[in-house]
Each structure stands twice: as structure tokens, then as C-alpha cells.
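Novice: Prediction below, plus the sequence it came from.
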Amino acid sequence: MTSRVDIAITVNRRLYRLSVPPNRVVADLLREDLMLTGCKIGCDQAVCGACTVLVDGLPATACTTFAFELDGTALTTIEGLSEGGALHPIQRAFLEHSGFQCGFCTPGMILSVKALLDHHRDPDEMTIRQWLGANICRCTGYQMIVEAVRAAAQAMAG
Amino acid sequence: MRAETGNGAVFMAGGIDLVNRMKFGAPVAEVIYLGGVAGLGTIAEMAGTLRLGSLVTHYQLETSGIVRKRFPALAESWQDVANIRIRYKGTIGGNVMTADPAYDFTLAAMATGAELHFLGMDGTARIVSAIGMNGALPDGLLTAITLPMARRPRLAFDRSLRPAVTLALGLDLDNGKVVAGRIAIGCAFAVPLAATLPLDEPLPPREVAQRSAILAHDVAVSLPEPVNNGHASAHYRRRMIEVLLRRNLGALAVGLA
Amino acid sequence: MMDGTAGDSPFRSPVIALDGPDKVTGAARYTFDVTLPGMVHAKVLRSPHPHARIVAIDASRAEALPGVVAVVTGADAIKLPDPYYGVAIRDQPVVGIDKVRYVGDMVAAVAALDEETAYRALALIDVRYDPLLPVTTIDEALAEDAPLLFDAPVAGEPIKLGDGVTSLKEPRPNVLCEFAYTNGDADTVLARSDHLFEDRFRFSRINHFHLEPHVNVARVTGAQIELWSCNQDPFVLRGDIARIFGRPANNIRIHASYVGGGFGGKSFCKMEPLVVLLAMKAGRPVRLCLSLDESLLTLTKHAGILMLKTGVTKDGRLTARKSEIQLDGGAYSDASALTVVKTGYRITGPYRWDAVATRAYAVRTNTVPAGSFRGFGGTQAAFASESQIDMIARRLGIDPYDFRRKNLLAVGEPFQPGDSGIDSDLGSGLDEVVERLGYRQRVRGPVQGHMARGMGLSVGIKDGGGTGNHAQALVKLLPSGRAIVSAAAVEIGQGATTTLSRIAAETLQLPLDWVRYGAIDTDHTPLDNGTHASCGTVVTGIAVMRAATDARDQLLQFAAEQLGCKADELQLDNWTVRRGNFAHPLEPMIVEHFGGAGFEFIGRGMVKVPNNPKAPLSAASLFWMPCWVGAEVEVDRETGKMRVVHLVVGADSGRSVNAVACRGQVEGAALQALGQSLFEELRYEGGEPANATPLKYRVPLAGDLPDCYESFILEHGGPGPFGAKGIGEAGMLGVASAIANAIHDAVGARLAEIPFTPERVLAAIEAM
């Protein structure tokens, strides 16, 4: 077995050249090597989606992705969503519409929503509910998250 | 390469099931990552079949123009598989090789009368019909799944009673008559189970619809004993297999009439 | 205290949660994120047997593994001054001592340089078990000659309560504790009632499934024990650690961060003593972060069997109820003693009775311990009670709405003799549900094809705020007018940060964003009795308000002295004091007088709800939390598959301090209850948990939302700051019964057991 793998990943618009063990999991890479602790690990089994990050714009669970799979890709974490310190419209919508409570699922949820709105400019309620099936929230009961998503869609369209 | 590394090595496609198994302690010393292998991720029409590479993701299946044209019910039904991020990463090959009776693609393969193409350790190719598999997966690398298009199979999927029973149904038409029917049942047995529609002769769809209750009953009573578990009893499963089959057979046949 | 209408509220304008910016940017830090220099990682070895004696443990191979720093077993625990914990009754060991009592029970723990090494080391610990026969259901545990989980009485005392109550510890084999309550002579009243109905209900076991698993970091340096804990009750924990380790409480320091979901699963002592023990042995800080699988094997919500014998007159007036409630307490006490009391007390629902007799007890079984879960016995009680109310109404041919209206307690009527009066207009909430649901115009029975539709109502209720509860708080005013609120209500997502800050801001007439909710550190933060029982807004809130008032009074006194006038001539507004027409900014006044670093005005506040031995629970209930629910369902009569088409859930916030947070609490709780009603369950096959892993333990997703999901908040006034009440648990209470009642309305069949799986619904339909 190869002892280390060299990878080049762009994380939040910054290129990193790293040498990692083949079984390095992306969630640990982010939290321990890159100090991006916004990625929370919930179930650790790709079920809850708390650790969702965007890989080339698509949602993926960092807990079940090996670092070597991301060679040559662009990764976005929650820390990378705001540009120049200004909140992304999705973050603002979550604040204004109270789309969170304990907040542990929130980074992954917001990134999942980013992917949704990149693919559907003005999703209806059913589309939002289906897309959010990738993210468990135990606190909110989802309705307020759906409202935040619709508000974000409006803000981003206008 | 796998032959070289011996039996400790494991293939990795999307990796979701693999990583989970590793976290639960499965001893995996080596992983052969298939992501970079060309040709495993394509969808193409070839020699009267629809060829799906084993690394085709669920999302590709759902959105492929070719699939939407040739098997519209498959593409549409695939929007409901798992969730969006699993569809982006999970592959239909991984779905089949995990051999979980609750997973969907084997059912689709059975209902369409598909064939699974394997590459053996010694480099030889093997083709297995999805229906004939009965839970026994050959050794080797799954490279592709081919769906026959000659008889223009029409499909229906029903996951409304998951995790008790899921159903996939495929009817072949020839000269406007239903000549064959394949039924695939998920969640109800230890493995995805295939059955054939007991048609003595080709029937016009209208008659299939009229006889859907009898046909469903005949299939249901011929099946082995379903699983009894915390989700549902064997008795309920058998009854619901009949109900879902009757409903879907009726609806599909009516739509073809 | 009752205000009929919302009236003036200083809290009408919506605010953005103060913890919001942290949470939407990933900056929020949880105990999950705590790392310390030199920290090592722990993993726990868990019992594969539901019941077994621990014959011997040989950890030598694990200790020899390079990278392993320490291994802890019962041999270490038994040396502690008091190695057991539990609420009132303390039977759970820090780590397995003589026996293991459920699959998942903690047997040993390893600390190593990294998690992988710790996992490997677990496999090298050799445990010799002598398996014993397990009891995994209430019936098995209560059977004659059933194997006993405990061979001798355990430490602790039964909970002392008030008039009409008997409270027993370990009254019978495999029974942890019992609560009995009587008011009047139920047997006689029942015997002379026109009708007597006896019904039995089964409630399922679920798990909290907070996304942040249980996580703790412990550091022991010399005399001091320091813990960074996800626990909801830092001061309760401090007391437990002090007792277990025989150290003075002022040498124990607990830090709380944001908690990634609690719902009661992180209340009271869990594995914190084990982490401390490991840290002592390791000589280094130790982090133990459970996997979510392990959290599923740590605590559950009580399953149970509730048998209700209810009398009623022929014209539909309830007379008496005699109840026997068996709760499945699992292997250890945890909070069962309290839960039993609350389930038993709440079984009478929001109704008027001539007589009541209740017996509730917790049964010991070889399953995951059951403890506090949002609703705390009120959910179990409401399912049984509100289901039976509906059944009785239908049997008498009375509309379920009318039957409830006839029997609901009125405002001011005591819940039970000696307890406080109902402080909420229960009928008006029910009317709101009826209106929103369209109950009067409903379609019921078969619709198209195999489908049927129906609607059901429910009024759940629980006492809120804890019993005889108390809290303390400090508010610090900095020279600039910025404030720090120091209180130990832990932010678990319920919005304590914003609610308590808003109370302080309003009292001090400061902008909300000038107030910060301080870090919780038991060395510096005043004592709180625990973040549970929906007490944060009222109990901690009153303490905060009094602290803010005290700070304000000191400030005005200071300003008066500077200005040479009396304090009552001054008005405080936006960090300025006004005297007549003159405005005097405070910051320059403070800076000038004190110089240097200026001065902080530190206000102190506390509250204690009075005890009252005449009240059944030994203190009058602080406030009442109704839960009004209406559900519309569609049932497929051929498959039993049922869909909730419309769900309306309402609660009473007294007067909302943060209305949007109130809505979130109600909707979040109600969806948890919906999940449990339809599918969520921790299932057992014999002694083995069948689905204690996230892949198989289904929790509600966004796709499980009813077609139409709505909530409403009424404001009937409460004892909290500015008329507030607690609301966090309310949404749980009435959901399951409303759905059961809707199914009954649709297909005429009664489901007395949750979850309402398609198979069960079909069986009920066909049993008719």
C-alpha cells in the first residue's frame, strides 16, 4: 500500500497541495489539518448530512469521502460561503427566517441549500423538501428551513 | 490489478457503503479505486441495448437524455432514490454489489430483464441475467449493466410501502400485446427477488388489466415465505406484494391499452 | 396571573438570534470542537450481552499496545468514594463493576494518542462474561421468578412529594420506583358511574438523536477536575462529580458550550464520571466523543403500558380515573424516578375529576436506560389520555370536541387539589385548532377508491417550569453600556441565549445587540438547576430580570450620587440618565468618577419557587403548558398506509419574548412526535437492539412533513418576565393522540399502540 498520496485541492478558493495517508477522510482533513471546524460530524455514516460540503458545487458528505478522491477538485465549506466577510444571501435568509436552532446541522444544511439553488433557481415547496431529504434536522421541524430557502431564492433572484 | 493484490483488496466506486463498512470494522487493507477507470461511467445505446457503465451514478441515470427517451419510467422513478447527495455519488454498480434487498437498482435490472457484465479475475468476461442471480453475485468486477430495448419494456416502480415491500414491474410488448412480465420485489426477502408474470400467451394490455387481480394473486402465492422483521410481518408482506402488484399491473396495462 | 389578550408587549419586533451569526457561518463552537493541548482520545468497550456477570477483565494486551495511555475498568471505579449515579436512585456505575445489564452497557474504556489506536485497543481487552438470562420486556421483568437486574437494594431515596402521594423505592423485584396518587375515592366513584371504560395503551421507545453525539473532555490537574461537557445541567453534574470523586465542589469546574441538540438526552449524569476517571489515570486531558450509534445506546424515552379505567356520566361528564402505568425504565435509574412521577401525575389530562387514583412505576429491563425526553412523561400520558377521551366520546355518541369542552378545566381551576390553577384558556386553543383544521366541515370516512379521510383533536397538557425550581443570575454592565448576562441555562437550540438577553436588554432599556450571553463556567456563572422542564424562560428568566433590575438600581443610585439627586428622579434610557429635561450620558460619568479601567455594575438575581407540602408534587406547579393539536389523515384501507395531510399544533407562550423561537420550538417538538407516531422507534429483538444505528433508525426528514403543517402561539400570560411562559416541550404532547383520533374518524378503527405502521392500521381496520 502506498504510504501517502499527493493531492491538490482548492478549498474555499485557495489551492492546497497536501500529502495525505490514503485513508484520510475529508472531514478529518478539514477539521484537523485545515482548521475548518464548521464541518460538523453527526452520524459519521453519510446518513445525517451534517458534514455536507460542496465538491465542484455538488453536495457530498465529508465523513465518507476520502481525501484522495478530491484531487483536482474545488471544495467549498461553510467558511467559504461568505465572500469578503459579507454573508451569503442563504446565510442571511437563515438568520432572518430562523432556519436553525441548535445549529449543528446548519453548516451542512446551508451548503446543501446552496447546491439546490444553484440547480433550481426558484424551487417549489416539494422540490425543496425532497432536496433537503439529504440533511437531517432534529430541532426545527423543517418548515422554517423551507421558508428560509424560499426567501433565499427570492433574494438571489432579485 | 485485483488479482495481483489478492483477496484483501476491495473495489471502491462511490465509496459510501465501503467507507461505512470500514468504520464498522471491516478489515480493508487495500482499496482499488475505480473512479479513474475510463469507460465505466458511460451511458450508451449499443446493439439494441442500453448499456450503463457500473460507475454510472444514480444522478446520471435520472438525468440522462438517453434513459429518459428509452426508459422514461426508470429515469422518473430514479428521482426518488435515496437523496440528492447519495444520487450524486452512489453508483448503480455499487448499489447492485452491496446486495441489500432494500436497494433499488437490482430491482430495476430485474424488471427490465437486464444483464450484468462481469470481468473475472482471470480477465474473462461473464454475463449474468439479473433475474437469474437470486442473490448470488459472481466474483469479479461489475463493469456494465445492459438493458434490452427490443421488446420496449414498460416499467413501473412502487416504493410506497417501503420498508415493508418495494416493487418494480416490467412488461414487454410485441405487436401491441404483452408477451412477458418481470416482477422484482425488494425489502420483503433476504435478497431482491424476481418473479415472472404467469402469462400462458400474449395478451392485449386491456386483458392484462382485467386479469391483474388473478395474475397478482397467482404470483403472490407462488413466492417463498417473506421475511418477518421489525418493519413488517411475513403475512403482511405477502398480502401487500399482491396488492401492489395488482395495482401497478393494472395501472401499467391500462396505460398501454 | 392571567392576561386574556397579548396586550402591550415590548417584544413585538422580530429579532435575529444572537447565536445566529456564529451558527450560519460555522464559527459556533460546541463541546464537539473542544481540543486541549496534550489531549488523548477515548473509546468505550460495550457489553455484547443484555445481562451477564463480569467474571474477569484482562486489559494487559490493550495496555501494552503502543499509543495506549490508560485503560479503566470496574476495578478502578470501585475505588471511588461513590461510583454510582442516577436521579434520586443511584444504581448506574461509572463503568461496569459486577454486571452488565444491557447490550451497550459500558464495560471498560481506553485512552490513546488517537482514536484509531483506542479502537484497536478495545479489541485487545479480554472480558470474561457469565451470561445471565435477560428480561427485555415489562412483562418478562415482572413475571414470577424473573431474573433480577439488581441482587440487593441500591443507593438513594424515593422522591419526596406532597399531599396524596406515596413514593416508593424498589418496592418489588425489578421495579425501580413507584408513584401513587389519590384524590378522593376513585373506586367508589367509578362503581357508581353510569359508564366505566377500561382501555390499554402502548407507547414506544425512541431515542433523542441529537446530531451532536455525547462528547466530553476532562482534565484533572492536582486537586482540580475540569470538564468541558455537552451536559445540559452543569451544576447538577458538578454535584455528581463532587460526590463520586469525593472532592469539594469548588474544585470542580464545568464548562458548557453550545450544545448540538439535547432534548433531555444530555441531562443528568451520563458518561462524564468515566471521562474524569480516565483523565485521572491517563494524567492527560481525555476526550470521549461517542458515535451517534453509541448515543443511541446511552439513553431513550420511556416506552410503557398505560391502563386507564375511566368513569363518565351518561351525559358525558367525566367522574373518576384509575390508572396503572408501567414504564420501561431500561437497565438503570437515570431519570426514571422523576419521569414516573410526572407521567403518573399528568395522566388525568386537562380535565375535571371527582376522584383520581394513579399508580405509576418504572420496571427494570435489560435494555438501554430510559430517562428524560422532552415532554417527560407528559407525552406518554397524553397519548393514553387523549386517545381514551376520544374513544369515550365516540362510544357515548358525543362529538369529541363537545366532550372535551364539557370537561376541560377552566382558567383558575386547580389541576389537582393543592396545585395551581390552570393559567391558560384551554377551550380557546381548541377552538383555534378546530378553525384552522376545518374540523366542522370535514370529510370523514371513505373518499375515492380505497382511501378514507378523517380528523382528530387533542389537548395535551403538562406542568411546566419544574417543581419548586430555582435559578440564579448575574448581569454585568460595562462602562460603555454593553452588558454580559451570566446564567447557566445552556443553549441547546431552544433560544436561551436570545431570550435571556432580550429580557435583560428590555429591563435595562438597552439595544439587544449590546447584550451578550456569557460563557458558562461553573466557577464564574451563577448556579442553575438545569436546562430542562421548559424552565429557562421563566425560572432563569426571572433570575436574569432581577439581576438586570439590581444592576439598574445600582447604576441609578450611582448616577443620583453624581448628580446630587434622588435615584427615583432619574430615567434610564439607552445608556443615558434623564432627569427632567436633561440627559446625562453614563459612560463619561463613570469614566470620570472611576478613572482607570472604569467600573462594572454587577447585578444579582435569584428566584425560588416556593415549596408547599399540600401540593401533590410538593410545590405548586409554576405554569401550565397546553398543547392543542388537530390532525387530518388519509388512510389507504387496503394497505393501511396513512398520510398526515394537515397538522395544526398550538401552544401558549404566556407572552412571547422571542416569537419566532417559540414557533420553532413548537414545530420542532411536534415533528419529533409525528415521527414517533408514524415510524420512529428503537426496536428490540429479544435483548438485541435491532436498529440502533443511524442507517436503520429512521427520524423525520423534510419529506415527512404533512402537506400542510401549521402552528400557532396563544398568549394567555404567565409568571415569567413580562408575562412569559416556557414552551419548549409543549409541541410533543398531543400529536400522537390527535393522529390516532383522526384515524378513528377516518376508518372507525382505534390504534392504541404507536407507531401507527401500515400493518397495524390495516390490522385495526380488519379487526372491526
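Specialist: Received the coordinates, thanks.
Novice: Just give the number of residues close to the residue of chain A found nearest chain C.
Specialist: Ranked by C-beta to the nearest C-beta, the top residue of chain A for proximity to chain C is A:Gly38, at 2.1 Å. C-beta: built from backbone N, CA, C; applies to glycine. Applying other C-beta atoms under 10 Å in any protein chain shown, we find 26 residues neighbouring A:Gly38.
Novice: The one 4 residues further on too?
Specialist: Residues lying near A:Gly42 (other C-beta under 10 Å) number 29.
Novice: List the contacts of it.
Specialist: By C-beta atoms under 8 Å, 6 or more residues apart in numbering or on different chains, A:Gly42 lies in contact with A:Cys48, A:Gly49, A:Ala50, A:Cys51, A:Phe104, A:Cys105, A:Ile136, C:Leu211, C:Glu212, C:Pro213, C:Gly260, C:Leu292.
Novice: give the contact list for C:Val95.
Specialist: C:Val72, C:Thr73, C:Gly74, C:Asp76, C:Ala77, C:Met106, C:Val107, C:Ala108, C:Ala109, C:Leu274, C:Leu277.
Novice: and the two most separated of the residues you listed?
Specialist: Using C-beta to C-beta, the pair of the contacts of C:Val95 lying farthest apart is C:Val107 and C:Leu277, separated by 13.7 Å.
Novice: in chain C, what residue is nearest chain A?
Specialist: Counting by C-beta to the nearest C-beta, chain C gets nearest to chain A through C:Gly26 (2.1 Å).
Novice: Would you mind measuring from that residue to chain B?
Specialist: 18 Å (C-beta to the nearest C-beta, to the nearest Å).
Novice: can you pull the contacts of the residue lying closest to that residue once chain neighbours are set aside?
Specialist: Excluding the flanking residues, the one nearest C:Gly26 by C-beta to C-beta, 6 or more residues apart in numbering or on different chains is A:Gly38, at 2.1 Å. Listed by C-beta under 8 Å, 6+ apart, the contact partners of A:Gly38 are A:Thr77, A:Ile78, A:Glu79, A:Pro107, C:Thr25, C:Gly26, C:Ala27.
Novice: how many neighbours does the first one have?
Specialist: So the one you mean is A:Thr77. 25.
Novice: Let me see the backbone angles for it.
Specialist: Torsion angles at A:Thr77 (phi, psi; degrees, to the nearest 10) stand at phi -110, psi 180.
Novice: For it, give me its contacts.
Specialist: Counted by C-beta under 8 Å, 6+ apart, A:Thr77 has contacts A:Val11, A:Asn12, A:Leu30, A:Leu36, A:Gly38, A:Cys39, A:Val53, A:Pro107, A:Leu111, C:Gly26.
Novice: Below-threshold pLDDT in chain A: ranges please.
Specialist: A:1-2 (pLDDT under 70).
Novice: ok, back up a step: where's the residue nearest to C:Gly26 relative to chain B, distance?
Specialist: 17 Å.
Novice: Doesn't that residue lie inside a strand?
Specialist: No. Going by DSSP: H, G, I helix; E, B strand; the rest coil, the assignment for A:Gly38 is coil, not a strand.
Novice: Just the closest residue of the stretch 1-150 of chain B to chain C, please.
Specialist: Closest point on the stretch 1-150 of chain B to chain C, by C-beta to the nearest C-beta, is B:Asn20, at 7.3 Å.
Novice: Smallest gap between the stretch 601-750 of chain C and chain B, at which residue?
Specialist: C:Arg683 (4.1 Å).
Novice: Pretty sure that residue sits against B:Gly230.
Specialist: Yes. The criterion here is C-beta atoms under 8 Å, and C:Arg683 meets it with B:Gly230 at 4.1 Å.
Novice: what sits in contact with each of those two?
Specialist: In contact with both C:Arg683 and B:Gly230: C:Ala690, C:Asn691, using C-beta under 8 Å, 6+ apart.
Novice: Quick one: mean pLDDT for stretch C:489-508?
Specialist: Averaging pLDDT along stretch C:489-508 yields 98.
Novice: That stretch close to chain A?
Specialist: Yes. Residues of stretch C:489-508 are located near chain A by C-beta under 8 Å from any C-beta of the partner chain, namely C:Glu491, C:Ile492, C:Gly493, C:Gln494, C:Gly495.
Novice: Now the second one. Nearest residue, chain neighbours left out?
Specialist: Just to be clear, that refers to C:Ile492. Per C-beta to C-beta, 6+ apart, closest to C:Ile492 is C:Gly262, 3.9 Å.
Novice: repeat for the fourth one
Specialist: By the measure of C-beta to C-beta, 6+ apart, the closest residue to C:Gln494 outside its immediate chain neighbours is C:Gly728, 4.9 Å from it.
Novice: ok, the residue nearest to C:Ile492 - contacts?
Specialist: C:Gly262 neighbours (C-beta under 8 Å, 6+ apart): A:Cys102, C:His208, C:His210, C:Cys230, C:Gln232, C:Val490, C:Ile492, C:Gly493, C:Thr531.
Novice: Of all pairs in these, which one spans the longest distance?
Specialist: C:His208 and C:Val490 (14.9 Å).
Novice: the more surrounded of these two?
Specialist: C:Val490 (29 against 24).
Novice: Surely that one is within a strand?
Specialist: No. C:Val490: not assigned to a strand; according to three-state DSSP it is coil.
Novice: for it, what are its contacts?
Specialist: C:Asn231, C:Gln232, C:Asp233, C:Pro234, C:Ala256, C:Val259, C:Gly262, C:Ala496, C:Ile520, C:Thr531.
Novice: switch to 7 Å and redo it
Specialist: C:Gln232, C:Pro234, C:Ala256, C:Val259, C:Ala496, C:Ile520, C:Thr531 (C-beta atoms under 7 Å, 6 or more residues apart in numbering or on different chains).
Novice: May I ask which of those has the most neighbours?
Specialist: C:Thr531 leads these on contacts (other C-beta under 10 Å) with 29 neighbours.
Novice: For it, report the pLDDT, please.
Specialist: So C:Thr531 comes in at 96 (pLDDT).
Novice: Could you look up the SS state of it?
Specialist: coil.
Novice: Could you do the one 3 residues further on as well?
Specialist: State at C:Ser534, reduced to three classes by three-state DSSP: coil.
Novice: Not counting sequence-adjacent ones, nearest residue to it?
Specialist: Using C-beta to C-beta, 6+ apart, the closest residue to C:Ser534 is C:Gly726 (3.2 Å).
Novice: ditto for B:Arg21
Specialist: B:Val28 (7.4 Å).
Novice: now do C:Ala690
Specialist: C:Arg683 is the one closest to C:Ala690 (C-beta to C-beta, 6+ apart), at 4.3 Å.
Novice: how is chain C carved up into domains?
Specialist: C:35-132+C:212-260+C:265-296, C:300-466+C:614-767, C:469-608 (automatic domain parsing).
Novice: Make CSV from those and add distance to A:Val26 to it.
Specialist: Converted to CSV, the domains of chain C look like this (distance: least, C-beta to C-beta, whole Å):
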stretch, distance to A:Val26
domain C:35-132+C:212-260+C:265-296, 16
domain C:300-466+C:614-767, 19
domain C:469-608, 26
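Novice: Just say which of those domains is most tucked in.
Specialist: Counting by mean count of other C-beta atoms under 10 Å in any protein chain shown, domain C:300-466+C:614-767 has the highest mean neighbour count of these, with a mean of 23.
Novice: The stretch 201-350 of chain C against chain A: which residues are in contact?
Specialist: C:Phe209, C:His210, C:Leu211, C:Glu212, C:Tyr258, C:Val259, C:Gly260, C:Gly261, C:Ser291, C:Leu292 (C-beta under 7 Å from any C-beta of the partner chain).
Novice: Find the pair from those with maximum spatial separation.
Specialist: Across these, the longest distance by C-beta to C-beta is 20.1 Å; it joins C:Tyr258 and C:Ser291.
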